[in-house]
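1. Model the structure of this input:
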Amino acid sequence: MSASQILVYTATAAYRHASIPAGVAAFRELGAAHGFDVHATEEPLRSLDGYDAVVFLSTSGEVLDAPGRSALLDHVAGGGGFLGVHSAACTEYEWPAYGDLLGARFAGHPPVQPAVLSVDGSHPATAHLPRRWHWTDEWYDFRTPPRDVTVLATVDETTYTGGGMGADHPLVWYRHHGRGRVFYTALGHAPEAYADPDFRAHLLGALQWAAARPEGDASVPDERP
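-> Numbers count the residues shown, from 1 in each chain. Here you go, the predicted structure:
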């Protein structure tokens, strides 16, 4: 079987995260270790034919023209995967279909600080994580809670300062969109996150599921107590 083809898209038209190079390197290293080919670009999107999944890695602002928007929708409608990482939720505010695809829109965040996430381990992206996961990141608030998704991780606002969503604060989720698979993680602000084994395994499980590889079957048993 030929290797899965993954496109990592890193265009930014607003804030640009310093972690983007580390993120691209992490995806390339995961690809080399797990048998998928990774191509990274900031060029305008056109046809995504031949790609099993596209990753929006900390994209921001209005980065897609009309052909790029059509290419993305056609990709997902045709059964392709989409993985949004961190500020992918700060992207294409002027295009309602993108918000429908992703499930929620970024609203703001307090300073970077440690917090605790409650994790559902039923998915390949989270099966390896503790059910109470201590992590340091930029904790995103969203304009509204995500719609029509399965939530895999929420942050406990009592464990940090500045949260604005209350007791139900999703940060990681997945959904089916037509024939395609969509996964979003709000984590990944800092460059050092992409060297962390747990975070890398999180990205790997998300990507394998989105690309519909056999390893990405979202029926991983919960083996933790």
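2. Using the three-state scheme, assign the nearest residue to Phe56 once chain neighbours are set aside.
-> Counting by Cβ to Cβ, 6 or more residues apart in numbering, Ala88 is the residue found nearest to Phe56 once chain neighbours are left out, at 3.9 Å. C-beta coordinates here come from the backbone N, C-alpha and C atoms, glycine included. State at Ala88, reduced to three classes by DSSP: H, G, I helix; E, B strand; the rest coil: helix.
3. ok, Ala88 - how many residues close by?
-> Counted with other Cβ atoms under 10 Å, the burial measure for Ala88 works out to 24 neighbours.
4. ok, which stretches of the protein are strands?
-> Defined through DSSP state E, the strands belonging to the chain, from first to last, are 4-9, 36-41, 53-57, 81-85, 106-108, 113-119, 132-137, 141-142, 150-155, 170-177, 180-185.
5. What ranges in this protein fall below the confidence cut-off?
-> For the chain, residues meeting the criterion pLDDT under 70 lie at 1, 213-225.
6. which residues touch the nearest residue to Tyr15 once chain neighbours are set aside?
-> Distance criterion Cβ to Cβ, 6+ apart; nearest residue to Tyr15, sequence neighbours excluded, is Ser60 at 5.1 Å. Taking Cβ atoms under 8 Å, 6 or more residues apart in numbering as the definition of contact, the neighbours of Ser60 are 12-17, 87, 90-91.
7. Same question for Gly162.
-> Applying Cβ under 8 Å, 6+ apart, we find Gly162 in contact with 109-111, 113, 139.
8. And for Arg46?
-> Applying Cβ under 8 Å, 6+ apart, the residues contacting Arg46 are 67-68, 71.
9. now swap in Leu207 and tell me
-> Under the criterion of Cβ under 8 Å, 6+ apart, the neighbours of Leu207 are 6, 27, 30, 36, 53, 55, 81, 83, 183, 216.
10. Rebuild the residues you listed as a markdown table, extending it with distance to Gly162.
-> Formatted as a markdown table, the contacts of Leu207 follow (distance: Cβ to Cβ, whole Å):
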| residue | distance to Gly162 |
| --- | --- |
| Ile6 | 34 |
| Phe27 | 30 |
| Leu30 | 32 |
| Phe36 | 37 |
| Ala53 | 33 |
| Val55 | 28 |
| Gly81 | 33 |
| Leu83 | 27 |
| Phe183 | 26 |
| Gly216 | 34 |
